[in-house]
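Student: Got a predicted structure plus its sequence, pasted below:
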Amino acid sequence: MTEPMSRRTALTLGGIGAALVVTGVSGVLWNVTANTQPAIPTGNGKSLLQPTVLRSANRRLDVALVAARSTVSIGGISVAALTYNGALPGPTLVITPGDTVTVSLRNQLGDPTNLHTHGLHVSPEGSSDNVFRRVDSETTAEYRYEIPENHPPGVFWYHPHHHGMAADQVFGGLYGAIIVEDAIPISSTQERVLIVSDMTFDSAGHIAAASQMDRMSGREGSTVLLNGQVNSTMTAHPGDRERWRIVNACTSRYLNLRLDGQTLQLLGNDSGRFEKPRDVNELTLTPGSRADVLVTMAAGTSILRVIAVNRGSAGGMMGGGAPTESSAILATLQVSGGAVTSLATVPTSAPRDLRNAQLSGSRTLTLAMGGAGMGGGMMGFTIDGKRFDPTRVDQAVIAGAVEEWTIVNTSPMDHPFHLHVWPMQLIEIGGERIDSPIWQDVVNVPAHSSSRVRIAFDDFTGRSVFHCHILDHEDNGMMGVIVVV
């Protein structure tokens, strides 16, 4: 087994900076059903499947999503999962800038839900990316997203965001990818969507309920899935240049991904492109983050694996033990056959850079854990000392402002900070300055440290949220309301 990485091991994604990817894993206690243990499926080497693709045409995409409990097969075990349209993951939505996307969301879960288009730069109001909407069970809600003409290309995703239920519903299987296509196509021999998630279930297919310790640490599944599969296979030819769009859809797990023996080039993370591709040996993604990667194939067998890293622990604050760390094989890649012709050079990009912009203001937000929470028996998760209240405005911003935010983390665990609608340019992560324009919508804030970002509040007004993307922490109060006017 691969050794887990130390708490502050420096991982560099193509020169982004070590502190950007300092991450890890916490242990969890599972309560599946009485007198049962989590099932650990080994997989059967089946070919990796791709989610169903729904592609826009004539500047429109109309989607019908049904959120419901469905039986899916995971490593030969029939699991009662939560699904969109009966599949795990849900369909991939492929769109272009300037499109109008409509989604008819039918809720058959038995609980309230809603829909968040994570990372899309769209309105937070009305029937767009409005996470304050509540879609009750056995009702249908209509969503409409107007994608700006200048929207950046990249990989995004959708998932539920109803407060108090986001962690359970994502952990149960509700997620799918969104791809905004490039204005200038990037040549590849094949494109794949790779959605990494995790889940715990017993041999009868019952998904684990989260214990109190799970919700404190952030639950992590005993089984790590790739497109809903366990230990699948992929094939390619030498010289193939595949494009992998990778989504970390885990509720809490940080991912350190390795594919030894192959050449990886990172086009960008989250909400933006780099000026040119960056050679990388590994990819580290916080919960909610994505990576757009080119893989140039060399003959042989390679293992795509996720290596555990330590993101700190709430154990010491709650009298718990040390974190449990583990690694997992996601897929086996077989590269053989005749070599293929090399493809065209990847076009360069010109990402916006706010490092020399005139600032409209600055703010400091503090993420904290500790003290009594709900009912006095659960640890409190707060931002600026306050638990989430949807009726309160925590930050008010003038439309068009360019602000610098410092996110301080006083807790013994890393927190991935996510701002809806408006992407963030990284300035400093954990004390290390970022020396090139990098845009993300999830930014890691290391334990007992801070991160700085700059944000241009362009194009949209309205009410939205910012929060920790360890979804158990979000559901337990580590979220605030922002209003742009």
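Tutor: In hand now; what should we look at?
Student: Every contact and neighbour count from this point should use C-alpha atoms.
Tutor: OK.
Student: where does residue 400 land in three-state SS?
Tutor: Under the three-state scheme (DSSP: H, G, I helix; E, B strand; the rest coil), residue 400 adopts coil.
Student: wait, isn't it in contact with residue 461?
Tutor: No - using Cα atoms under 8 Å, residue 400 makes no contact with residue 461, being 9.3 Å away.
Student: what's the pLDDT at the residue nearest the centre of the chain?
Tutor: In the chain, the C-alpha nearest the mean C-alpha coordinate belongs to residue 288, at 1.5 Å (Cα atoms, centre = their mean). Here the pLDDT value assigned to residue 288 is 98.
Student: check contacts around it.
Tutor: 118, 247-250, 442, 469 (Cα atoms under 8 Å, 6 or more residues apart in numbering).
Student: What is the nearest of those residues to residue 414?
Tutor: When these are compared for distance to residue 414 (Cα to Cα), residue 469 wins out at 10.6 Å.
Student: in stretch 120-128, what counts as buried?
Tutor: 120-125, 127-128 (16 or more other Cα atoms under 10 Å).
Student: for the closest residue to residue 294 other than its chain neighbours, which residues make a bridge with it?
Tutor: Once flanking residues are discounted, residue 294 sits nearest to residue 243: 4.6 Å by Cα to Cα, 6 or more residues apart in numbering. Beta bridges link residue 243 to residue 191, residue 294 when assigned by DSSP bridges.
Student: now residue 243: how far from residue 429?
Tutor: Between residue 243 and residue 429 the distance is 28 Å, computed by Cα to Cα, to the nearest Å.
Student: Pull the residues that contact stretch 195-205.
Tutor: 30, 32-33, 36-39, 77-80, 89, 171-172, 176-177, 207-208, 220-228, 246-251, 253.
Student: at 7 Å instead, please
Tutor: The set of residues external to stretch 195-205 that reach it, using Cα atoms under 7 Å, 6 or more residues apart in numbering, is 32, 36-39, 77-80, 171, 207-208, 220-227, 246-250.
Student: Now, those residues that are in helices?
Tutor: Secondary structure from DSSP state H places residue 171 of the contacts of stretch 195-205 in helices.
Student: Pull out the buried residues from the contacts of stretch 195-205.
Tutor: 32, 38-39, 77-80, 171, 207-208, 220-227, 246-250.
Student: Strands - which of the contacts of stretch 195-205 land there?
Tutor: The strands, defined by DSSP state E, take in 77-80, 223-226, 246-248 from these.
Student: now, which of those residues sits nearest residue 62?
Tutor: Using Cα to Cα, residue 247 comes nearest to residue 62 of the ones in strands among the contacts of stretch 195-205, at 22.7 Å.
Student: Beta-bridge partners for that closest one, please?
Tutor: Beta bridges link residue 247 to residue 195, residue 290, judged by DSSP bridges.
Student: which one is residue 455 nearest to, not counting chain neighbours?
Tutor: Distances taken as Cα to Cα, 6+ apart place residue 424 nearest to residue 455, at 5.0 Å, with adjacent residues excluded.
Student: Next, the one you found: phi, psi?
Tutor: Per-residue torsions, residue 424: phi -120, psi 140 (degrees, to the nearest 10).
Student: coming back round to it: so the residue nearest to residue 294 touches residue 293, yeah?
Tutor: Yes - Residue 243 is within contact range of residue 293, at 5.7 Å (criterion: Cα atoms under 7 Å).
Student: any idea which strand is longest in the protein?
Tutor: From DSSP E, the single longest strand across the chain is strand 60-74.
Student: List the contacts of residue 176.
Tutor: By Cα under 7 Å, 6+ apart, the contact list for residue 176 reads 89-92, 157-159.
Student: no no, residue 91
Tutor: Taking Cα under 7 Å, 6+ apart as the test, what residue 91 contacts is 51-54, 176.
Student: Per-residue pLDDT of it, please?
Tutor: 98.
Student: number of nearby residues for the closest residue to it other than its chain neighbours?
Tutor: Spatial nearest neighbour of residue 91, chain neighbours left out: residue 52 (4.7 Å); criterion: Cα to Cα, 6+ apart. By other Cα atoms under 10 Å, 15 other residues sit near residue 52.
Student: Residue 52 touches residue 92, doesn't it?
Tutor: Yes - with contact defined as Cα under 7 Å, residue 52 reaches residue 92; the gap is 6.0 Å.
Student: hmm, back to that, what comes up buried for the longest strand of the chain?
Tutor: By 16+ other Cα under 10 Å, the buried positions in strand 60-74 come out as 60-63, 65-72, 74.
Student: Would you format those residues as JSON lines with distance to residue 237 and pLDDT included?
Tutor: Shown next, in JSON lines, are those (distance: Cα to Cα, whole Å; pLDDT from 0 to 100):
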{"residue": "60", "distance to residue 237": "35", "pLDDT": "98"}
{"residue": "61", "distance to residue 237": "34", "pLDDT": "98"}
{"residue": "62", "distance to residue 237": "36", "pLDDT": "98"}
{"residue": "63", "distance to residue 237": "35", "pLDDT": "98"}
{"residue": "65", "distance to residue 237": "36", "pLDDT": "98"}
{"residue": "66", "distance to residue 237": "38", "pLDDT": "98"}
{"residue": "67", "distance to residue 237": "38", "pLDDT": "98"}
{"residue": "68", "distance to residue 237": "39", "pLDDT": "98"}
{"residue": "69", "distance to residue 237": "39", "pLDDT": "97"}
{"residue": "70", "distance to residue 237": "36", "pLDDT": "97"}
{"residue": "71", "distance to residue 237": "35", "pLDDT": "97"}
{"residue": "72", "distance to residue 237": "31", "pLDDT": "97"}
{"residue": "74", "distance to residue 237": "28", "pLDDT": "95"}
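Student: Pull the residues that contact stretch 61-69.
Tutor: Stretch 61-69 is contacted by residues 55, 80-85, 100-109 when judged by Cα under 7 Å, 6+ apart.
Student: Tell me where the stretch 51-200 of the chain has helices.
Tutor: 166-172 (DSSP state H, counting those that start in this stretch).
Student: which stretches of it have low pLDDT?
Tutor: Across the stretch 51-200 of the chain, nothing is flagged by pLDDT under 70.
Student: do the stretch 251-400 of the chain as well
Tutor: For the stretch 251-400 of the chain, applying pLDDT under 70 flags the ranges 315-326, 371-378.
Student: let's see 90
Tutor: The stretch 251-400 of the chain contains residues with pLDDT under 90 at 271-272, 308-310, 312-327, 338-344, 370-380.
Student: For it, which segments count as strands?
Tutor: Using DSSP state E, counting those that start in this stretch, the strands found in the stretch 251-400 of the chain span residues 255-259, 263-269, 278-280, 282-285, 290-296, 300-307, 328-335, 361-372, 379-383, 395-397.
Student: wait, which of these is closest to residue 233?
Tutor: Nearest to residue 233 among the strands of the stretch 251-400 of the chain is strand 328-335 (4.7 Å), distances taken as Cα to Cα.
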